[in-house]
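Visitor: structure for this input, please:
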Amino acid sequence: MYYKLVDKKPIECTFEQWCRFFEYEDNRRIALNEFNDWFVSTVFLGLSMYNPPLLFETMVGCNNPGDILGCSFADYQQRYETYNEAVEGHDATVKQLKAIGAGYEKVNK
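Guide: Predicted coordinates:
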């Protein structure tokens, strides 16, 4: 199944509609926070093999393999069913990483 976001709600769509929707990064990006050499990114996937569909995903990525803290979390991934769950999950991930001393934050929401 393919989905696009309409007013923050996933709506089933055709493959062609999904492709057009995903041409623009702003349609996919829910939130992005950058800390030194790593980042927390939450996106709308628009595809799911699960029931109920898990269409949103938060991931932690590391831009610097030498950053032990960032890279120790680089495998973190969580999926969500709704937009609100995704925002809450993103914020909770950022809060958790801040609590362990992740460093400077540059916010791109």
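Visitor: so which residues of this structure form strands?
Guide: Residue ranges of the strands in the chain, as given by DSSP state E, are 2-6, 9-13, 29-35, 38-44, 56-62, 77-80, 105-108.
Visitor: poorly predicted segments of this structure, please.
Guide: 37, 64-74, 101-109 (pLDDT under 70).
Visitor: OK, contacts around the most centrally placed residue in the chain?
Guide: When Cα atoms, centre = their mean is applied to the chain, the residue found nearest the centroid is Thr42 (1.3 Å). Counting by Cβ atoms under 8 Å, 6 or more residues apart in numbering, Thr42 touches 29-32, 56-59, 86-87, 89-90. Just so you know, the C-beta spots here come from the backbone N, C-alpha and C atoms, and that holds for glycine as well.
Visitor: 6 Å - rerun?
Guide: 30-31, 58, 86, 90 (Cβ atoms under 6 Å, 6 or more residues apart in numbering).
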